[in-house]
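Visitor: sequence plus predicted model, see below.
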There are 2 protein chains.
Amino acid sequence: MADDIRSKGRRMTVQRRLVLDALQRARHHTTAEEIARSIRARHPQIDPSTVYRNLEALEELGYVTHTHLDDRVTRWHRADVAQHGHLVCRRCGSEQEIPLRTLEPLARRLRADEGFHADLAHSAIVGVCRECAR
Amino acid sequence: MADDIRSKGRRMTVQRRLVLDALQRARHHTTAEEIARSIRARHPQIDPSTVYRNLEALEELGYVTHTHLDDRVTRWHRADVAQHGHLVCRRCGSEQEIPLRTLEPLARRLRADEGFHADLAHSAIVGVCRECAR
DNA sequence: GACGTTATCGCAAGTTGTCGCAATAGTCGA
DNA sequence: TCGACTATTGCGACAACTTGCGATAACGTC
């Protein structure tokens, strides 16, 4: 992987490695802040901005992706984990994962009708969950 | 409308009226910051936080809604304008509106399978547009 | 290995939005 | 119209990023 990064004219730094390690260890939908905190616990000299910039760089390089669950925070994860959709309840905040297969018909339709290649795992679908709807 | 607001135990203030007026005048998907700026041009004593709080209050009251187009900024509009979906290209940033009808089959399916009442107009669908896909 | 190039870093300052709080001012009932 | 109640405001502080910049340190080349 380090070689792959170098072959793209980027560099493998201690900081970048630490961000990858932290992502490896973290729970699935983690935040940049959480990663920064976990790294700074051991390496306080590493600036949060470095973590933010590395997540972005690793995303460009294809090792990392982000999704949006609730409205504000960006969630990060390794690119090699299985993709899935998200349902988030606007009332109680509960989160639910759904297989991409469920979203596939819409993706197909958008591709056919609009030529648009949708990434339906990128943003959660907001709505009201079964319990709150009652 | 003022009466309706009062009947819900809320109040009609100068600031709230100004936010509504600004929304009326603004282009469709405007931002809180833009509204704050337009109000403060004439009324510099009105704090931005007041604008943010009023948008939230007016949303609770049902006069205003927000959507998320790109990743960061919240876009606001009056609740009485027609709902529609959004396609946003991750490469070129272009935005496209699509009729809710296109998204309805997915909404139906989520309701049937998961009991989840999806609001598919709330977040834009991110992907790659026809031009950028070539 | 040494060297030059330049991606990346740490830091400080800037943005954008949120929150707690004391002061203010709509609203309602008398 | 007056007074009490309390929603709302402005302000200052804070939180969560983002950005510009000079210094540092990976990397390719020799």
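Guide: Perfect, thanks for sending it. Since the model is a prediction, treat every value here as computed from it, not as a measurement. Numbers count the residues shown, from 1 in each chain, chains lettered A, B, ... in the order given.

Visitor: packing partners for the longest helix along chain A?
Guide: Longest helix of chain A, by residue count under DSSP state H: helix A:100-114. Contact analysis of helix A:100-114 by 3 or more CB pairs under 8 Å, 6 or more residues apart in numbering or on different chains; DSSP states H and E lists strand A:85-89, strand A:117-118, strand B:95-98, helix B:100-114 as its packing neighbours. (Each C-beta comes from the backbone N, C-alpha and C, glycine too.)

Visitor: outside of it, which residues touch it?
Guide: A:83-85, A:116-118, A:120-121, B:87, B:96, B:98, B:102-103, B:105-106, B:109-110, B:113, B:125, B:127, B:130 (CB atoms under 8 Å, 6 or more residues apart in numbering or on different chains).

Visitor: check stretch A:53-65 too.
Guide: In contact with stretch A:53-65 (CB under 8 Å, 6+ apart) are residues A:1, A:4-5, A:8, A:10, A:15-16, A:19-20, A:23, A:32, A:35, A:66, A:76-79.

Visitor: now, the residues you listed that are in strands?
Guide: Here DSSP state E is the test, and the contacts of stretch A:53-65 give A:H66, A:W76, A:H77, A:R78 as lying in strands.

Visitor: which of those sits closest to chain B?
Guide: Nearest to chain B out of those is A:H66 (CB to the nearest CB; 8.3 Å).

Visitor: residues contacting that closest one?
Guide: By CB under 8 Å, 6+ apart, A:H66 lies in contact with A:L55, A:E59, A:T74, A:R75, A:W76, A:H77.

Visitor: so the residue nearest to the third one when sequence neighbours are not counted bridges to which residues?
Guide: The one in question is A:T74. Using CB to CB, 6 or more residues apart in numbering or on different chains and skipping the chain neighbours, the partner closest in space to A:T74 is A:H66 (4.9 Å). Beta-bridge pairing for A:H66 (DSSP bridges): A:W76.

Visitor: and A:H66, how far from A:A36?
Guide: To A:A36, A:H66 is 15 Å away according to CB to CB, to the nearest Å.

Visitor: so which residues on chain A come close to chain B?
Guide: A:68, A:71, A:74, A:87, A:89-90, A:96, A:98, A:102-103, A:105-106, A:109-110, A:113-120, A:122-130, A:133 (CB under 8 Å from any CB of the partner chain).

Visitor: which of those residues are close to DNA strand D?
Guide: A:T74 (CB under 7 Å from any atom of the strand).

Visitor: restricted to buried residues, select the residues of chain A next to chain B in ChimeraX.
Guide: Remark: buried members of those, expressed as a ChimeraX selection using 16 or more other CB atoms under 10 Å in any protein chain shown:
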select /A:68,74,87,89,90,96,98,102,103,106,109,110,114,116,117,118,119,120,122,123,124,125,126,127,128,129
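
Visitor: residue ranges with poor pLDDT in chain A?
Guide: Within chain A, no stretch has pLDDT under 70.

Visitor: can you report how many residues lie near the nearest residue to A:I98 once chain neighbours are set aside?
Guide: Spatial nearest neighbour of A:I98, chain neighbours left out: A:G85 (4.5 Å); criterion: CB to CB, 6+ apart. Neighbourhood size, A:G85 [other CB atoms under 10 Å in any protein chain shown]: 22.

Visitor: any idea which residue sits dead centre in chain A?
Guide: A centroid search over chain A (CA atoms, centre = their mean) returns A:H66, at 2.3 Å, as the residue closest to the centre.

Visitor: and the gap between that residue and A:H29?
Guide: Taking CB to CB, one finds A:H66 at 9 Å from A:H29.

Visitor: okay, and the common contacts of those two?
Guide: Joint contacts of A:H66 and A:H29 (CB under 8 Å, 6+ apart) are A:R75, A:W76, A:H77.

Visitor: isn't the second one up against A:A32?
Guide: Meaning A:W76. Yes - between A:W76 and A:A32 there is a contact under CB atoms under 8 Å: 6.4 Å.
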